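J.: can't give you the sequence, but here's the structure:
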């Protein structure tokens with residue numbers, strides 16, 4: 001029913017993603033690499049330990065040339081989807097007469113040199129389903145056969161504002177030990193500062209002005225947050241986390257939540273790589289509790305017995321301890337730091353994926369007495385504006401139910417459309433407030449109440465025939481948000497439809513939103 005574009009991430013998170021212990025790069029809209037990390041250099045055979053880093057071995061090069069130079073390492077039988085989807089992109093770019101496209105010629109020539117690859121290229125659809133993700137297998141540099149392959153799930157994100165694309169190579173569980181080992185060796189050899197390599201974009205215009213900035217540490221009040229104690233039992237949570245998960249998790253252990261079957265299903269391959277790292281953090285932060293003289297030793301022993309009843313924890317504990325996982329912990333431990341990505345579904349529609357980065361802040365209880373007994377604040381920070389919208393709408397659900405109770409005439413078409421205008425103005429305000437760092441106190445509920453009062457004056461008792469005016473403003477707002485690359489209008493409409501479908505008193509509005517979705521879908525198909 002819904003069509004979604006490449007998943008998007010904010011500019012502020014694009015560059016930070018390069019710091020992950022996975023091969024990653026971001027590129028401009030033509031596929032020229034503008035930023036990458038040392039694991040990507042290693043993966044594509046352009047860096048051997050001990051050699052000096054040659055930034056231009058990847059930076060400034062077309063990803064399609066990099067692919068073509070490595071075809072011998074990318075077995076066709078295991079990578080049919082990779083070859084087909086990259087062919088689709090190249091064919092579209094070549095067909096666009098407004099682009100100078102010689103940078104794609106090496107890829108096309110390499111595809112046509114092999115009969116099997118030539119067939120894949122010729123048969124590749126221009127617009128394949130889920131073009132932004134595919135499995136990927138590659139031989140180690142210097143390996144002569146494909147008896148042993150590095151395996152990944154590749155996910156491509158679009159940087160908001162059409163600033164380019166971010167491509168992340170998430171290793172499978174079998175490949176994870178190789179990646180963790182190489183990450184550790186690369187950091188030891190070249191250091192943290194050299195791990196991320198960025199191109200000089202001073203020659204670019206639009207793209208240089210939209211470069212991802214370093215990830216900030218400011219959060220908004222409606223971001224989901226939990227607190228856990230020194231043994232990682234969840235001791236507190238905010239309303240946003242309850243709304244997202246659907247119930248309170250206070251009293252549970254962090255890993256009981258992390259390894260819940262439903263969360264495992266939602267996160268997919270990312271959990272395979274995030275879980276060993278999370279366990280490593282737990283091991284590092286609780287290592288002093290192993291001392292029998294420590295006051296938390298007995299509680300630690302009981303906690304481990306509890307956790308070892310979790311099969312996933314038990315299986316991955318050994319994996320975590322065997323791997324040479326290198327953790328990033330800032331010198332100032334009260335500074336929030338990034339630990340892993342979290343993927344969750346929109347509670348009202350599993351078709352809509354919410355993307356977060358888990359940011360942790362260590363809270364010392366008493367530095368003068370104990371430096372190793374501390375609490376932790378874990379905040380899920382949205383990676384894109386669609387996730388921001390989802391959180392705002394979750395908060396507006398309960399407020400809307402109260403609004404319905406306070407307005408007996410809510411079943412009328414006009415009152416439902418007025419509610420829709422309040423909601424969309426609230427969403428717009430939340431997404432366009434400007435400097436987020438100076439505006440961390442903004443809350444959806446209070447904004448909804450203020451905008452409701454403003455509209456009550458704007459649309460008085462004699463405005464009952466102005467539903468058309470409301471619809472026009474609603475359409476104008478979602479078009480503006482879409483045109484400014486803030487949030488895709490079809491995803492926004494899908495969220496609003498899913499939300500109103502849960503409220504029986506919103507029948508007329510749900511029908512309207514479904515018609516809007518169909519209208520935009522028909523327009524998109526016509527234009528394509």
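T.: Here it is on my side, so go on. Bear in mind that the values here come from a model prediction, so they are computed numbers and not experimental data. Residues are numbered from 1 along each chain as shown.
J.: how about the strands of the stretch 101-250 of the chain, start to end?
T.: With strands called from DSSP state E, counting those that start in this stretch, the stretch 101-250 of the chain shows them at 133-139, 149-159, 164-171, 196-198, 225-228, 234-237.
J.: Just list what the fourth one packs against, helices and strands only.
T.: What that stands for is strand 196-198. Counting contacts by 3 or more Cβ pairs under 8 Å, 6 or more residues apart in numbering; DSSP states H and E, strand 196-198 is packed against strand 33-37. For glycine as for every other residue, the C-beta is placed from the backbone atoms N, C-alpha and C.
J.: and the next element down the chain from the strand it packs on?
T.: helix 38-43 (DSSP states H and E).
J.: from the middle of its chain, how far away would the helix or strand following that following helix be?
T.: The C-terminal neighbour of helix 38-43 among helices and strands, as given by DSSP H and E, is helix 63-69. With Cα atoms, centre = their mean, to the nearest Å as the basis, helix 63-69 stands 26 Å off its chain's centre.
J.: ok, and what's touching helix 63-69?
T.: Contacts to helix 63-69, defined as Cβ atoms under 8 Å, 6 or more residues apart in numbering, come from residues 25, 27, 31-33, 44, 58, 74, 86, 90, 103-104, 106-107, 109-111, 167.
J.: just checking, which of those residues belong to helices?
T.: 86, 90, 106, 107, 109, 110, 111 (DSSP state H).
J.: Does residue 183 touch residue 20 like I think?
T.: No: with contact defined as Cβ atoms under 8 Å, residue 183 does not reach residue 20; the gap is 9.2 Å.
J.: Looking only at residue counts, what's the top strand in this protein?
T.: Longest strand of the chain, by residue count under DSSP state E: strand 349-366.
J.: neighbouring strands for that one, and are they parallel or not?
T.: strand 337-346 (antiparallel), strand 370-382 (antiparallel) (DSSP bridges).
J.: can you give me the mean pLDDT across it?
T.: Across strand 349-366, the average pLDDT comes to 83.
J.: buried sites along that strand?
T.: 349, 352, 353, 354, 355, 356, 357, 358, 359, 360, 361, 362 (16 or more other Cβ atoms under 10 Å).
J.: that older thread, quick one: buried ones out of the contacts of helix 63-69?
T.: Buried, going by 16+ other Cβ under 10 Å: 25, 27, 31-33, 44, 58, 74, 86, 90, 103-104, 106-107, 110-111, 167, out of the contacts of helix 63-69.
J.: Helices of the stretch 351-500 of the chain, start to end?
T.: 385-406, 413-431, 444-458, 467-483, 489-501 (DSSP state H, counting those that start in this stretch).
J.: could those be laid out in CSV, adding mean pLDDT?
T.: CSV is the format used below for these (pLDDT from 0 to 100):
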stretch, mean pLDDT
helix 385-406, 82
helix 413-431, 90
helix 444-458, 90
helix 467-483, 90
helix 489-501, 90
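J.: Columns distance to residue 375 and mean neighbour count on top of those helices, output as CSV?
T.: Below are the helices of the stretch 351-500 of the chain laid out as CSV (distance: least, Cβ to Cβ, whole Å; neighbours: other Cβ atoms under 10 Å):
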stretch, distance to residue 375, mean neighbour count
helix 385-406, 24, 20
helix 413-431, 29, 21
helix 444-458, 27, 16
helix 467-483, 38, 15
helix 489-501, 34, 22
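J.: Give me the neighbour count for residue 245.
T.: 18 (other Cβ atoms under 10 Å).
J.: Now do the same contact list for it.
T.: Here residue 245 is in contact with 224, 257 (criterion: Cβ under 8 Å, 6+ apart).
J.: on that earlier part again, which one, of the helices of the stretch 351-500 of the chain, ends up nearest to residue 117?
T.: Relative to residue 117, the nearest member of the helices of the stretch 351-500 of the chain by Cβ to Cβ is helix 489-501, separated by 34.5 Å.
J.: tell me what the closest one is packed against?
T.: Using 3+ Cβ pairs under 8 Å, 6+ apart: helix 489-501 touches strand 349-366, helix 385-406, helix 413-431, helix 467-483, helix 507-527.
J.: That helix: how far from the chain's middle?
T.: Worked out by Cα atoms, centre = their mean, helix 489-501 lies 20 Å from the chain centre.
J.: try stretch 289-300
T.: So, by Cα atoms, centre = their mean, the centroid of stretch 289-300 is 37 Å from its chain's centroid.
J.: Equivalent analysis for stretch 413-420, please.
T.: With Cα atoms, centre = their mean, you get 33 Å for stretch 413-420.
J.: how about the strands paired with strand 349-366, which one is nearest residue 394?
T.: strand 337-346 (8.9 Å).
J.: Could you give the average pLDDT over the closest one?
T.: pLDDT averaged over strand 337-346 gives 82.
J.: Off-centre distance for that strand?
T.: For strand 337-346, the distance to the chain centre is 7 Å (Cα atoms, centre = their mean).
J.: I figured residue 104 hits residue 94, correct?
T.: Yes: between residue 104 and residue 94 there is a contact at 5.9 Å, judged by Cβ under 8 Å.
J.: so where's the stretch 101-250 of the chain uncertain?
T.: 101, 161-162, 200-218 (pLDDT under 70).
J.: sorry, back to before: can I get the strands of the stretch 101-250 of the chain in TSV including distance to residue 258?
T.: TSV is the format used below for the strands of the stretch 101-250 of the chain (distance: least, Cβ to Cβ, whole Å):
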stretch	distance to residue 258
strand 133-139	23
strand 149-159	19
strand 164-171	17
strand 196-198	27
strand 225-228	11
strand 234-237	11
